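1. Compute the structure for the input listed below.
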Amino acid sequence: SMVISPDKNMWNWFSRHQGGDVIALVQTMKEINFNQAIDYLNDGTFKEFAAAERVQESFNYYLKPYEQPFEEARNYLKEQRGLSDETIDFFLEKGVLAQANAKVNGSIEPVVVFKSFDFSGEIVGATLQGIEENWEKWPERGYAKNIVRNSDGITGMHVDIGQPNRLIFAESAIDLMSYYELNKDSLQDVRLISMDGLKEGVVGRHLAQLQSDVSGRPLRWSHDELAEGLQTAIDNNFFVDGKHADWITLAVDNDEAGQNFVSSLRDKGALVTEALPDLQPGQEKMDWNDALKSSLSNQITKIDQPEIVEDYQNQVDELIADITQDDTDYYLWHDEELHNLGAGDSILEEFHGMLEDRKYPVAGAALYVEESSNDGATGYLSLEGHVLDRDGILDYLSDQEFSDLEKVEFLTKLQTNLPEIWDKVRN
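-> Numbering: from 1, shown residues only. Reported below is the predicted structural model:
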């Protein structure tokens, strides 16, 4: 999101960690250098607009009549996210979770609702996380995800443990719950907050609130003043001489964006503690839910239960055998038909290219038609270039470095979706 402050003649593009004055804005938008931006401002022709104050519509939590028993949501948080009943119950008891049927991009979806409350107890925002996997409908993540319209944007889902004297921020509600799951035995007198992204305004809003709570002074700031709470604290020497160094902990993703966010707050003059999940060898990104699932996977592999490992291996073998009952099932044989119809080489080439360009997502992988060396074959349905036979599937699984459990989960989804995908390919 981008915020332009006309009274300060400044702007801030939070998701890109960019900002500055009008010259910097022109440089960014026009992708030009400083001198070119000056020339543009001096010589350009600009329309005049009458300033109109934007009225923030109030948040309306419309999902209350559509809330459901917290059963499918619990199953999703446990099975897909690795959260325990104890952690789920902790957040449920805080009143910040619900299950509901919600309209997301024109589709009615069962979702987990993560609620944001202000400090008077009024709900001021909510984020939605779909609980039914559908890669065709949601190709980016496989699940629906949305922020409810007119959410205030600076409060986020938050819970208190004890009497808070410090703040811990995560990028999402599920990351926050995962951080709690991994660290709950050592958490005391702390407020846990989801930023729904990387938002300095959320940090500022909660820093101002904690200052008010600790001092006992009432907080009567406007929405914009709360969003600027961190900068106000810096301007008033809140962090000078190492003071309040333990007030802010950033439990954000360990990736370039998360690291840049930590650096940007420090560059402003804020003292923050970083609590980033450890990267595994070869990884460039790790969030707290990934860290939780990795921890659970490590716990399982450390248990000396060879019968469980053998059971997983048997399931993998059975699933692959079912998928590959007939190796010729996933071949297309249209070249001969096209030749009989008088199609030239250019038409065949165009037809092959069209087939290769069409991707069919399933469980984070892509299936598409790959060229075949078999005489007369147009091509074969491949798993990211791997033939859908036993060796090809095993090669793909090896490339992904899946655990035995992850192999079973992936193959089960492949087995379920493959018939429908193959029908689409043939049609």
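2. The closest residue to A365 other than its chain neighbours - how many residues pack around it?
-> Leaving aside its sequence neighbours, A365 sits nearest to E384 (CB to CB, 6 or more residues apart in numbering; 5.8 Å). Glycine gets a C-beta too; all of them are placed from N, C-alpha and C. For E384, the count of nearby residues is 14 (other CB atoms under 10 Å).
3. separation between E384 and L418?
-> According to CB to CB, to the nearest Å, E384 and L418 sit 14 Å apart.
4. And F261, by the same measure?
-> As for F261, its distance to L418 is 41 Å (criterion: CB to CB).
5. and those two? which has more neighbours close in?
-> Taking other CB under 10 Å, F261 and L418 do not tie; F261 has more neighbours (27 against 20).
6. I figured the more buried one was touching V252, is that so?
-> Yes - if you go by CB atoms under 8 Å, F261 and V252 touch, sitting 5.9 Å apart.
7. Report all helices and strands that the longest strand seen in the chain contacts.
-> Longest strand in the chain by number of residues, with DSSP state E as the criterion: strand 107-117. Other helices and strands packing on strand 107-117, by 3 or more CB pairs under 8 Å, 6 or more residues apart in numbering; DSSP states H and E, are helix 72-79, strand 97-104, strand 123-130.
8. Deepest in the core, which of these is it.
-> Neighbour counts (mean count of other CB atoms under 10 Å) averaged over each of the helices and strands packed on strand 107-117 peak at strand 123-130, with a mean of 22.
9. just how off-centre is it within its chain?
-> 14 Å (CA atoms, centre = their mean, to the nearest Å).
10. Can you tell me the strand partners of whichever helix or strand comes after it and which way each runs?
-> As assigned by DSSP states H and E, the chain's next helix or strand after strand 123-130 is strand 145-147. Paired neighbours of strand 145-147 in the sheet (DSSP bridges): strand 123-130 (antiparallel).
11. Kindly tell me how buried the residue nearest to I123 when sequence neighbours are not counted is, as a neighbour count.
-> Excluding its sequence neighbours, the residue lying closest to I123 (CB to CB, 6+ apart) is Y61, at 4.9 Å. Y61: 18 surrounding residues under other CB under 10 Å.
12. Was I right to think Y61 contacts L128?
-> No - counting by CB under 8 Å, Y61 does not reach L128; the two are 11.7 Å apart.
13. quick one: contacts of stretch 257-273?
-> Identification of contacts with stretch 257-273 by CB atoms under 8 Å, 6 or more residues apart in numbering yields 17, 171, 198, 200, 203, 230-231, 233-234, 239, 242-250, 252, 274, 276.
14. how about that stretch: buried residues?
-> By neighbour count on 16 or more other CB atoms under 10 Å, the buried set for stretch 257-273 is 258, 261-262, 264-265, 270-272.
15. Could you work out the most separated pair of the residues you listed?
-> Among the buried residues of stretch 257-273, the pair separated by the greatest distance (CB to CB) is G258 and L271, at 17.7 Å.
16. Who are the contact partners of P361?
-> Contact analysis of P361 by CB under 8 Å, 6+ apart lists 135-136, 139, 142, 367.
17. Could you list everything it pairs with in the sheet?
-> Taking DSSP bridges as the rule, P361 bridges to A366.
18. Tell me how far it lies from L414.
-> 11 Å.
19. circling back: make CSV out of the buried residues of stretch 257-273 and add distance to R220 and secondary structure.
-> Output for the buried residues of stretch 257-273, formatted as CSV (distance: CB to CB, whole Å; DSSP: H, G, I helix; E, B strand; the rest coil):
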residue, distance to R220, secondary structure
G258, 33, helix
F261, 29, helix
V262, 31, helix
S264, 29, helix
L265, 25, helix
A270, 23, coil
L271, 26, coil
V272, 26, coil
